[in-house]
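Student: How does the following fold in three dimensions:
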Amino acid sequence: MAEKSNPQNDPLERKSEWVNHLLEDVQQDAFSGDERDVSGEVSLVDQHEADIANVVYEREQEETMRQVLQRDAAQIEDARKRRAEGTYGICVDCGRPIPPARLKAMPEATRCVECQRRREEARAGPAHPDF
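Tutor: Here you go, the predicted model:
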């Protein structure tokens, strides 16, 4: 069995703790009550449509944050698997080592900066000719 890394010395474990903490907070706060609980009103009858819309907007933001944090948690778990397999820190596209500075900043990275840039440019498509 692999020894658990010390989060203080391991950027991947530090990020995992941070993401899990944020995810717990978002899950505790999100959908914690109906509009009356969130707004502090006794009844929805006298609620203005804008107040209700604000509650819906806040819940949409919380749901988006939850989805982003869940994606981050999945990427961290994938990085842990790569570490166990001995492929952590190796670019999945070019096979070269991912620089330590990148792994420190983004420990779940699967690509070196150059390959990630190419991937993002390909996804963005060609620049519009008017720009």
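
Student: Now do the contacts for Cys15.
Tutor: Not Cys; residue 15 is Lys. When contacts are counted by C-beta atoms under 8 Å, 6 or more residues apart in numbering, Lys15 is found next to Asp72, Ile76, Pro107, Glu108. C-beta: built from backbone N, CA, C; applies to glycine.

Student: how about 6 Å then?
Tutor: Neighbour list for Lys15: Pro107 [criterion: C-beta atoms under 6 Å, 6 or more residues apart in numbering].

Student: before we move on, which element is it in?
Tutor: Assignment of secondary structure by DSSP states H and E places Lys15 within helix 11-29.

Student: buried ones in that helix?
Tutor: Neighbour-count burial for helix 11-29, counted by 16 or more other C-beta atoms under 10 Å, picks out Pro11, Leu12, Glu13, Arg14, Lys15, Ser16, Val19, Leu22, Leu23, Val26.
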